[in-house]
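Chemist: Next one to model:
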Amino acid sequence: MKKLSHKQVIVPMNNELAKKYLKDSSTHIISINHALKSIKSKIMADFIRIEDKGIVILTNNVANPSDLQEIKKCVRNLLNSDIDQISSSKLPQLKSYLKIISILYLVNQSNTCITSEDIEKIFKNNYIFNNIILASKFRIIKVSLKSDMAIIWINI
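Modeler: Predicted coordinates:
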């Protein structure tokens, strides 16, 4: 099975409802594309498949929030009797890695090494990290024995 990409829209629902929705998937693709065209979206739905926690709608491009809303609305309209069982559409979450280089390893020219708390303060005070969610603890690595610089390795 291929990993999820951002060209896929996940619509969480129970397995029975997903199977019911998939029975007439070609008609649903036409309806979704018509709805997306009506809001002048540049994406189109290509294919629908069932995943563990709902359906995945493959698109020709990455969907923006208004596209996600329209897809959710279209799926809900086509399954009008089971509206409460459908959650919000979303894009898959991908893990990424971020490597920050050139942070001082020693704090204020002392013999005290930089700590996790210091790094967290840097993240909180920097607007670049506003929308980043850490998937695990970061690692602080000293560049070399003679250097006073550190590398921060983050799994986001």
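Chemist: in the chain, which spans are strands?
Modeler: 8-12, 45-51, 54-59, 97-104, 139-142, 149-155 (DSSP state E).
Chemist: With mean neighbour count, distance to Ser110 and mean pLDDT added, can I get those in JSON lines?
Modeler: To be clear about C-beta, it is placed using only N, CA and C from the backbone, and glycine gets the same treatment. Below are the strands of the chain laid out as JSON lines (neighbours: other CB atoms under 10 Å; distance: least, CB to CB, whole Å; pLDDT from 0 to 100):
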{"stretch": "strand 8-12", "mean neighbour count": "22", "distance to Ser110": "49", "mean pLDDT": "79"}
{"stretch": "strand 45-51", "mean neighbour count": "16", "distance to Ser110": "52", "mean pLDDT": "86"}
{"stretch": "strand 54-59", "mean neighbour count": "22", "distance to Ser110": "53", "mean pLDDT": "85"}
{"stretch": "strand 97-104", "mean neighbour count": "12", "distance to Ser110": "11", "mean pLDDT": "72"}
{"stretch": "strand 139-142", "mean neighbour count": "14", "distance to Ser110": "15", "mean pLDDT": "78"}
{"stretch": "strand 149-155", "mean neighbour count": "16", "distance to Ser110": "14", "mean pLDDT": "75"}
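Chemist: how far off strand 149-155 does the least confident helix or strand in the chain by mean pLDDT point, in degrees?
Modeler: Lowest on mean pLDDT, DSSP states H and E among the helices and strands of the chain sits strand 97-104, with a mean of 72. Here the directions of strand 97-104 and strand 149-155 differ by 160 degrees (axes from the mean of the first three to the mean of the last three CA atoms, to 10 degrees).
Chemist: Could you list which residues are in contact with the closest residue to Tyr105 other than its chain neighbours?
Modeler: The shortest distance from Tyr105 to any non-neighbouring residue, by CB to CB, 6 or more residues apart in numbering, is to Ala150 (4.0 Å). The contact partners of Ala150, taken as CB atoms under 8 Å, 6 or more residues apart in numbering, are Ile103, Leu104, Tyr105, Ile114, Ile140, Ile141, Lys142, Val143.
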